[in-house]
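# One predicted model, sequence on top.
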Amino acid sequence: MGHPEPSLAIFLLGRFRVHVDGVPVPSERWTRRKSKALVKLLALARGHEMHREQITESLWPESSPDAAANNLNKAILQVRRTLEPELASGGGTSRFVHREGDLVRLAADGLWIDVEAFESDVARTGDADAIERALVLYEGDLLPEDLYEDWASARRDRLRRQYGDAILASAGRLAEAGDRAPAIERLGRLIAHDPAHEVAHARLMHMYWLEGQREKALRQFEACREALRRELDAEPSEETERLRAEIASGVAATEEGRASGTGSGRRTGSVPIGPVGSAGGVALDERSLCVLPFENESADDGLDYFCDGIAETLINSLSRLGHLRVLARSTSFRYRGTRIDAVEVGRELGVGTVVHGRVVQFSERFIVGVELVNVADGTQRWGQRFDRPEADIFEVQDEISREVSRQLRLELSRAERTRLEHRPTADPLAYREYLRGRFHWNKRNGVALERAIESFRRAIDLDPAYALAYSGLADSYALLGLYGGKAPNDTMPKAKAAAEHALSIDDSLAAVHASLAIALFYHDWDWEGAERCFRRAIDVNPAYATAHHWYHELLTARGRFAEGMEEIRHAESIDPLSIIIKTDVGWGLYFAREYERAKRHLLASLEMDAQFAVAHLVLGLVRFHCGETDDGIADVERAIEASPAPFAIAIAVLGAMQGVRGNADAAHEALRRLRDEGKRGFVSAYCDALVHTGLGDAERAFDALDAAVDERYDRLVYLDVDPLFDSLREHPRFATLRERIGLSAG
């Protein structure tokens, strides 16, 4: 390993094995699979330590808290005795596995892990020796024996990409030195590892051409096309097709590195990101990026919407580039209003680059200062100050987007370049109104949504072909029923009409496809049409977290829990600080009746925001169904108290719980509160149905549910999976109700 033998060496790349003081631990000594998994978890964890609840959630998700805690204690004891047989007699303190309160950790002194050594070497892109050491260390994919474990899959994919980048770098150096034969061998090794790695195929094609092996180069193209079709259901990029044509015609360029820009960079199974570096021991994806909210340094607080809008526009533009992972708005904007340290934020989020800026306005001119910060070393990759008339805001945003792609060395396709250069409107006043509308829309309350609608309509009046303004209008009407107390029959048809009009102008907007899908799903109950729109939104922009989030809701309503969980977890990876996305993971687990997992997840979510009303509501439902009746009721009461507006559905759930508990007076008090709220704004008959179900009055519950169908109330889509309605499922009216909602189809 090139340094003194570590006390504890853990190998995770390829076959799992452990060395203690340079001596391999015999495989037969690992008598329990979970104890081995505990070592793997701690080896991969940040700082090599984990909270006991994190461990039990990963290793014993189906067990009760007491059983999981007992299992963890046994696993720790087994690991200690496996690594240090002298502890089997019960005496002594472990050198390697420590427990301090709720934290379990591996000893830091004398610890060596091949994954960390690999990541350290591969991040040193300018050091040929380090890259070669990394290639030697990579003896196989991360823990292939744990192929289907969620806790290993994301790190495995990232390591595979790092390995591919390291091979490309090594092959490039060999080719530049004229050592084509070993360069060809390296590229062949990469293709064997990742058959659909288009860049490797393209470089190998060109290498064969330089060697005078034209037919072999053309056969490599055929192998590339076959692999892409088989693995990704895709065709070679325009650049690779062009290279094939040049080789076939005999006019391909002969300089080394001609193929370095060919290919779309597609890899098997995921969007590629660049080499992973590190800072302060934190792994950083170098082709991942966070755009922080721009700071308003003008005297006018009313310019906040403009500053937010510039950042949000950049996020939306850059997220459509297939080579770049851009964190969603709700994650980056959690830092709004705080003193921002770009490097600290980047390390916290695990991104390689942070974009941040400042805006000052003077009369009809503005000054925008922007910089790209390299998180790994804290240096400025690029910075510029723009002093322009307000009408030039589009050019400024275009230049920033182009510079980001250039600095990150992104290989853009023609379509991606077109998307970057696309301007949704040429009218700066319409753009201002659009930004003002989005600013209000993001506040998520009834008054703000009404203001957003006014702003989007003014933008449309200024530019009737402004597709994004229609998109904002659709999103505002879609949320008005939820946050503004409006009847869905009043708002959702308007949302659908605005989305359809936006699509007629520009069908390349993922947000519009998702907005139409929500109207089709929650109001029209057109399940197939909604699913097509969700999939189209994800195809248009796989990095649009909201599309994955909302698609999860449809899949969950249909009882397709595993697919739904995959979508919401994907949304969470794009938008890791979104409290509503984290809460919806708990919703999905609740509907799947995985109550213990849901509870642990929701408790963790509330650590982010202890006053988030929806999380308290779902936690209350989960606890109630776990038999923790008093705690469940207390959580729902917290949800009602925490909500900034009357929370009718929470009042109804509270009434239902009291009814099930036998407290009829409290249940009828909930019905009275719902009637009072109904005098001030829309309250669905669905809420009455919940309370009557809890009271055991099936006929009144069905009468209310029938009325809710007439209202097209959105929560009805979960009728098949909501445990609150279990007592009604055998009633003759239940089948008829399902048919009216369209649940019996498909």
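Now that the structure is in, tell me what you want to look at. Numbering: from 1, shown residues only.
# List the contacts of stretch 171-180.
128, 131, 182-184, 186-187, 190, 203, 207, 210-211, 256-257, 260 (CB atoms under 8 Å, 6 or more residues apart in numbering). Quick note: C-beta positions are derived from backbone N, CA and C, even for glycine.
# Cys687 is in contact with Ala650, isn't it?
No - counting by CB atoms under 8 Å, Cys687 stays clear of Ala650, with 9.5 Å between them.
# can you pull the buried residues of whichever strand or helix holds Leu705?
Secondary structure from DSSP states H and E places Leu705 in helix 698-711. With burial defined by 16 or more other CB atoms under 10 Å, the residues of helix 698-711 counted as buried are Ala698, Ala701, Phe702, Asp703, Ala704, Leu705, Ala708, Val709, Glu711.
# And the furthest pair within those?
Farthest apart among the buried residues of helix 698-711 by CB to CB are Ala698 and Glu711. That separation is 20.1 Å.
# Any regions of the stretch 451-600 of the chain where pLDDT drops low?
Within the stretch 451-600 of the chain, the ranges that satisfy pLDDT under 70 run 484.
# Let me see the ranges of the strands in it.
Here the stretch 451-600 of the chain has no strands by DSSP state E, counting those that start in this stretch.
# what's the spacing between the residue lying closest to Ala708 once chain neighbours are set aside and Gly678?
In space, and not counting its chain neighbours, Ala708 is closest to Tyr686: 3.9 Å by CB to CB, 6 or more residues apart in numbering. Look at Tyr686 and Gly678: by CB to CB, to the nearest Å, they are 12 Å apart.
# ok, the two, which is more surrounded?
Between Tyr686 and Gly678, counted using other CB atoms under 10 Å, the more crowded position is Tyr686 (21 against 17).
# so who does the more buried one touch?
Each residue near Tyr686 by CB under 8 Å, 6+ apart is listed here: Ile649, Ala652, Ala704, Leu705, Ala708, Glu711, Tyr713, Arg715, Leu716.
# redo that, cut-off 10 Å
648-649, 652, 704-705, 707-709, 711, 713-716, 719 (CB atoms under 10 Å, 6 or more residues apart in numbering).
# gap between stretch 166-181 and the chain center?
A distance of 35 Å separates the centroid of the chain from that of stretch 166-181, by CA atoms, centre = their mean, to the nearest Å.
# ignore the last one, stretch 426-443
The chain centroid and the centroid of stretch 426-443 are separated by 26 Å under CA atoms, centre = their mean.
# now swap in stretch 549-565 and tell me
15 Å.
# ditto for stretch 651-666
Computed by CA atoms, centre = their mean, the chain-centroid distance of stretch 651-666 equals 37 Å.
# could you dump it to CSV, C-alpha only?
Extracted in CSV, the C-alpha atoms of stretch 651-666 (Å, rounded to 0.1, in the frame of the first residue of the first chain):
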residue,chain,number,x,y,z
ILE,A,651,-59.0,18.4,11.9
ALA,A,652,-60.8,15.6,10.1
VAL,A,653,-58.1,13.1,10.9
LEU,A,654,-58.2,14.1,14.6
GLY,A,655,-62.0,13.6,14.6
ALA,A,656,-61.6,10.2,12.9
MET,A,657,-59.0,9.1,15.6
GLN,A,658,-61.3,10.2,18.4
GLY,A,659,-64.2,8.3,16.8
VAL,A,660,-62.1,5.1,16.6
ARG,A,661,-61.1,5.7,20.2
GLY,A,662,-64.7,5.8,21.3
ASN,A,663,-64.7,9.6,22.1
ALA,A,664,-67.8,10.5,20.1
ASP,A,665,-68.1,14.0,21.7
ALA,A,666,-64.6,14.9,20.4
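# If we go by neighbour counts, what in the lengthiest strand in the chain is buried?
Assignment by DSSP state E gives strand 351-362 as the longest strand of the chain. Neighbour counts over strand 351-362 (16+ other CB under 10 Å) mark Val351, Gly352, Thr353, Val354, Val355, His356, Gly357, Arg358, Val359, Val360, Gln361 as buried.
# Tell me which two of the residues you listed sit farthest apart.
Farthest-apart pair in the buried residues of strand 351-362 is Gly352 and Gln361; separation 31.3 Å (CB to CB).
# Do you have the helices of the stretch 401-550 of the chain handy? List them.
414-421, 428-441, 446-462, 467-483, 488-505, 510-519, 527-540, 545-557 (DSSP state H, counting those that start in this stretch).
# The fifth one versus helix 510-519: what angle between them?
On the basis of axes from the mean of the first three to the mean of the last three CA atoms, to 10 degrees, helix 488-505 is oriented at 150 degrees to helix 510-519.
# so how far is helix 488-505 off the chain centroid?
Computed by CA atoms, centre = their mean, the separation of helix 488-505 from the middle of its chain amounts to 27 Å.
# Tell me what angle that helix forms with helix 698-711.
40 degrees.
# where exactly do the helices run in the stretch 1-150 of the chain?
Under DSSP H, counting those that start in this stretch, the stretch 1-150 of the chain gives helices at 33-44, 52-59, 65-83, 114-122, 128-137, 150-176.
# What is the neighbour count of Pro221?
One correction, residue 221 is Phe, not Pro. Neighbour number of Phe221 under other CB under 10 Å is 22.
# Grab the nearest non-local neighbour of it.
Closest residue to Phe221 apart from its sequence neighbours, by CB to CB, 6+ apart: Arg244 at 4.5 Å.
# For the one you found, the count of nearby residues, please.
Neighbourhood size, Arg244 [other CB under 10 Å]: 22.
# same check, this time on Gly47
Around Gly47 there are 12 other residues, counting by other CB under 10 Å.
# Report the separation between it and Asn489.
Taking CB to CB, one finds Gly47 at 53 Å from Asn489.
# Rounded mean pLDDT for stretch 291-304, please.
When pLDDT is averaged along stretch 291-304, the result is 76.
# Then stretch 182-197?
Across stretch 182-197, pLDDT averages out at 87.
# any residues touching stretch 723-740, and which ones?
Outside stretch 723-740, the residues that touch it by CB under 10 Å, 6+ apart are 525, 590-591, 593, 595, 621-622, 624-625, 652-653, 656-657, 660, 689-690, 692-694, 696, 698-699, 701-703, 705-706, 708-710, 716, 718-720, 743-745.
# Might you calculate how far stretch 513-527 sits from the centre of the chain?
22 Å.
# Report the buried residues of that stretch.
In terms of neighbour count (16+ other CB under 10 Å), stretch 513-527 has its buried residues at 513-525, 527.
# Can you pick out the most distant pair from the residues you listed?
Longest span within the buried residues of stretch 513-527, CB to CB: His513 and Trp525, 18.2 Å.
# Next up, the contacts around Gly14.
Counting by CB under 10 Å, 6+ apart, Gly14 has contacts Asp114, Leu137, Tyr138, Glu139, Gly140, Asp141, Leu142, Leu143, Pro144, Glu145.
# His356 too?
By CB under 10 Å, 6+ apart, the neighbours of His356 are 290-295, 311, 332, 335, 340-342, 345-346, 369-373.
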